[in-house]
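Asker: coordinates for the following, if possible.
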Amino acid sequence: MKKSLFLTALIMSVVLVACNNNSYTITGTIEGATDSTEIYLLDYNENAPIDTAVIINGKFAFEGNTDKSLMAMVANMENNMPVIIEPGCNVEINLSNQEFVKANKMNKDFGLFLESFNQLNERYMAISDSLMALIESGSLTMDEAQPIFMEKVEGIDQPVIEVMEELLVRHNNDILGIMLLETYISTGADDEKIDAILEQMGDVVLTSPKIAPVVESRNKMKATATGSQFVDFTIEQEDGTTVSFSDYVGKGKYVLVDFWASWCGPCRKAIPGLIELYNEYNAKGLEILGVAVWDKPANTLQAIEEEKMPWPQIINAQEIPTDIYGITGIPHLIFFAPDGTIVTRGLPTDELFDTVKAVFDQE
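Answerer: Numbering: from 1, shown residues only. Now for the predicted structure:
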């Protein structure tokens with residue numbers, strides 16, 4: 001009995017050492033690569049080199065040590081594949097097909113996401129290729145193809161979204177969860193779904209450099225949501241004078257505020273519609289205010305002249321208002337009531353214009 005217990009303890013100690021040491025190996029195969037060419041292991045986030053290996057007979061290997069999980073990228077000139085490095089992790093990949101041949105649990109789940117994502121990419125490419133063939137044959141123009149493409153890809157990413165939602169439950173507090181959540185948010189998922197997922201995430205995810213700014217921004221958006229009172233800010237202009245948001249908002253009139261920049265194509269595209277709205281409803285009491293963010297003042301002034309925008313502008317606001325209002329993309333329109341409360345914000349341009357028109361058409 002004692003001998004049996006000793007052997008059990010010895011086996012368990014070996015297993016624990018094997019699982020808890022800091023060494024890792026990443027081996028792989030690649031098709032069509034020239035012998036003696038280099039392949040790289042890179043830090044995924046920093047794009048900084050971790051290690052270099054040489055391809056021999058279509059095979060390569062990396063060995064190293066780490067005391068923490070790390071998102072990495074195996075890459076040469078033709079191929080690349082993300083891999084999660086963990087202490088005690090031994091992974092084998094097929095780089096040409098972006099497949100895990102052997103993997104720990106974290107990378108197996110990562111492989112499920114990669115497979116789903118690659119299938120989505122193939123579907124996108126098939127739709128794009130079919131439309132390009134019609135364009136090249138003269139059967140379709142580029143302008144005609146764009147709405148057709150948008151219609152065909154509507155909802156096409158739903159399988160990937162479902163895979164991410166399932167995996168985020170299992171990886172709510174690790175490095176894979178960080179990457180999955182960042183990708184999930186970028187899909188434009190419903191705000192309520194994102195908030196529900198964020199509530200399930202642990203500190204490893206929520207405090208990571210990739211996710212913490214998103215959490216902060218969403219908290220600021222909630223603090224300046226519909227029904228909230230405006231938050232003031234003051235900007236120094238090019239001539240040394242200062243201008244405050246409260247100089248325009250909360251002064252007894254409806255104000256539509258356009259956060260924009262000269263370099264932003266969608267911002268410039270929306271301006272003719274804003275001018276039309278202004279011309280129709282300014283006499284009835286609508287004011288429009290431009291707030292130029294993330295832009296050089298000289299470029300802003302040139303764009304104002306080119307677009308012939310007739311409303312006042314706050315120049316050189318940079319990140320100040322976008323940080324306050326949790327704005328992560330422009331154009332961003334916020335409609336304020338005469339008392340300075342937010343009527344609505346962040347809607348697509350056409351929907352927001354309809355809201356503005358409804359206010360004045362019923363008066």
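Asker: switch to C-alpha atoms for all contacts and neighbour counts from now on
Answerer: Will do.
Asker: pLDDT of the particular helix or strand that has Leu176 in it, averaged?
Answerer: In this structure, Leu176 is located in helix 175-186 according to DSSP states H and E. When pLDDT is averaged along helix 175-186, the result is 92.
Asker: and the angle for whichever helix or strand comes after it with helix 175-186?
Answerer: As assigned by DSSP H and E, the chain's next helix or strand after helix 175-186 is helix 191-200. Orientation check (axes from the mean of the first three to the mean of the last three C-alpha atoms, to 10 degrees): helix 191-200 against helix 175-186 gives 160 degrees.
Asker: same for whatever helix or strand Val205 lives in, what does it pack against?
Answerer: Using DSSP H and E, Val205 sits in helix 203-206. On a contact count with 3 or more C-alpha pairs under 8 Å, 6 or more residues apart in numbering; DSSP states H and E, helix 203-206 meets helix 175-186.
Asker: buried set for the helix it packs on?
Answerer: Neighbour counts over helix 175-186 (16 or more other C-alpha atoms under 10 Å) mark 175-181, 184-185 as buried.
Asker: quick one: which of those is nearest to Met221?
Answerer: Minimum distance to Met221 across those is 15.0 Å, recorded for Ile185 (C-alpha to C-alpha).
Asker: and Met221, which of the three is it?
Answerer: Following DSSP: H, G, I helix; E, B strand; the rest coil, the label given to Met221 is helix.
Asker: next one: it from Ile342, what distance?
Answerer: Distance from Met221 to Ile342, counting by C-alpha to C-alpha, to the nearest Å: 12 Å.
Asker: swap in Lys59?
Answerer: Counting by C-alpha to C-alpha, the gap from Lys59 to Ile342 is 60 Å.
Asker: same check on Thr52?
Answerer: Separation of Thr52 from Ile342 (C-alpha to C-alpha) stands at 55 Å.
Asker: which of those two has more neighbours?
Answerer: It is Ile342, of Thr52 and Ile342, that has more neighbours when counted by other C-alpha atoms under 10 Å, with 21 against 16.
Asker: skipping its backbone neighbours, what lies nearest the more buried one in space?
Answerer: Nearest-residue entry for Ile342: Phe336, 4.5 Å, with adjacent residues in sequence omitted and distances by C-alpha to C-alpha, 6 or more residues apart in numbering.
Asker: pull the contacting residues for the one you found.
Answerer: By C-alpha atoms under 8 Å, 6 or more residues apart in numbering, Phe336 lies in contact with 230, 249-250, 254-257, 342-344.
Asker: tell me what it is bridged to.
Answerer: Phe336 forms beta bridges with Val255, Ile342, as assigned by DSSP bridges.
Asker: name the residues contacting each of Met221 and Ile342.
Answerer: In contact with both Met221 and Ile342: no residue, using C-alpha under 8 Å, 6+ apart.
Asker: mind listing what's buried along stretch 233-240?
Answerer: Going by neighbour count (16+ other C-alpha under 10 Å), the buried part of stretch 233-240 is Ile235.
Asker: pLDDT of that stretch, averaged?
Answerer: Taken as a whole, stretch 233-240 has a mean pLDDT of 90.
Asker: what about that stretch, how long is it end to end?
Answerer: End-to-end span of stretch 233-240 (C-alpha to C-alpha): 16 Å.
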